[in-house]
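[1] got a predicted model here, sequence first, then my questions.
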Amino acid sequence: MRSLMDAAFNGGPDGDLTDTDWNHSLGGTHVVLDVGGEIAAVAAVVEREIRFGGRPLRAGDVEAVATLPARQGTGLGTMVMTAVNELIRDQFEIGLLGTGSQPFYERLGWRIWRGPSAVRARDGLHPTPDEDGYLMVLDTPRTPVLDPKAAIDCDPRDGDSW
């Protein structure tokens, strides 16, 4: 899976995949698509507590979505994300991901979170304005009614907190 992710991300517009990025995908549930004995697409869902307007929710955080470069644009990413959506709807209160590819995810039911983002720390909230407009959510049957412009925050982690 790491080799696939390196091939998909390294040299891309968002920069190379780091070990920290890889580590964000560990400890959760991995969706792996095998085509002819080759891992062709992957994604991971990791549990995180995300607060919306101060209200903590158990979120399925999507990490490490990747398709082999030679197979991109063939629907494999959609297949993996369809399985991810089902997993999140079955097991979490809400789905979360950060991306610059909003149209891909919007057509799969995700929506851009319109509120400001921040990271929680011992000394309070630290705004993350660079993430505003890049965070997306997926509602589940357990998602409460949320103000779509409410502040959203997460715990810090190594590398990118979001």
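    Happy to help now that I have it. Owing to the predicted nature of the structure, the values given are computational and were not obtained by experimental measurement. Residues are numbered from 1 along each chain as shown.
[2] who touches Ile152 in this structure?
    Taking C-beta atoms under 8 Å, 6 or more residues apart in numbering as the criterion, Ile152 is in contact with Ile50, Arg51, Phe52, Trp113, Gly115, Pro116, Ser117, Ala118, Leu135. Using the backbone N, CA and C atoms, a C-beta is placed for each residue, glycine as well.
[3] keep only those of these that are in helices.
    The members of those all map outside helices under DSSP state H.
[4] and the furthest pair within those?
    Greatest spatial distance among the contacts of Ile152 (C-beta to C-beta): Ile50 and Pro116, at 13.6 Å.
[5] count the residues that sit near Tyr105.
    For Tyr105, the count of nearby residues is 21 (other C-beta atoms under 10 Å).
[6] could you measure from it over to Gly124?
    31 Å (C-beta to C-beta, to the nearest Å).
[7] re the thing from before, which of the contacts of Ile152 sits closest to Ala40?
    Leu135 (27.3 Å).
[8] does the closest one have beta-bridge partners, and which?
    Gly98 (DSSP bridges).
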